[in-house]
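Participant: Provided below for reference: sequence and predicted model.
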Amino acid sequence: MIDKSMNVLIVDDYKTMLRIIRNLLKQIEFNNVEEASDGGEALAKLRGGNFGLVISDWNMAPMTGMQLLQEVRADAKLKRTPFIMITAESKTENVVAAKQAGVSNYIVKPFNAETLREKIEKVLGNA
């Protein structure tokens with residue numbers, strides 16, 4: 001059974017995308033959602049809080065989603081945190097790179113609440 005009361009951190013440098021993801025999460029009953037607009041802010045929140053899941057965009061500046069993932073995986077306290085990457089491109093080399101960096105799963109835009117729910121269940125079900 002997945003704990004929907006867990007804190008979820010969504011990371012995107014595009015406000016509209018944060019709103020979309022927050023709304024999709026709400027549809028699947030995840031209501032404890034915090035936002036970060038870049039990797040640095042996300043890391044600070046992760047290190048200071050208690051999150052059960054990170055959903056991050058790939059393309060961000062100055063720190064990309066990939067760099068954020070690498071930082072999270074290199075941090076002893078955070079390295080087991082489930083991490084879902086959102087990307088506009090499903091290029092094989094990107095997917096392989098993300099897998100090697102330790103991503104839990106990834107979602108290709110555009111996506112809906114159902115896709116998000118499936119990915120989250122896959123990730124947290126295996127946790």
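Facilitator: Looks like it came in fine.

Participant: might you report the residue contacts of residue 103?
Facilitator: Residues near residue 103 by Cβ atoms under 8 Å, 6 or more residues apart in numbering: 69, 83-85. Backbone N, C-alpha and C define where each C-beta goes, glycine included.

Participant: could you tell me whether residue 71 really is in a helix?
Facilitator: Yes: assigned with DSSP: H, G, I helix; E, B strand; the rest coil, residue 71 falls within a helix.

Participant: check the closest residue in space to it that isn't next to it in sequence and give its pLDDT.
Facilitator: Sequence neighbours aside, residue 43 is the residue nearest to residue 71 in space, at 5.6 Å (criterion: Cβ to Cβ, 6 or more residues apart in numbering). Per-residue confidence (pLDDT) for residue 43: 97.

Participant: neighbours around residue 43, how many?
Facilitator: Here the count is done by other Cβ atoms under 10 Å, and residue 43 has 19 residues near it.

Participant: again, but for residue 119
Facilitator: 18.

Participant: sec struct for it, please.
Facilitator: Strictly by three-state DSSP, residue 119 counts as helix.

Participant: pLDDT below threshold where in the protein?
Facilitator: 126-127 (pLDDT under 70).
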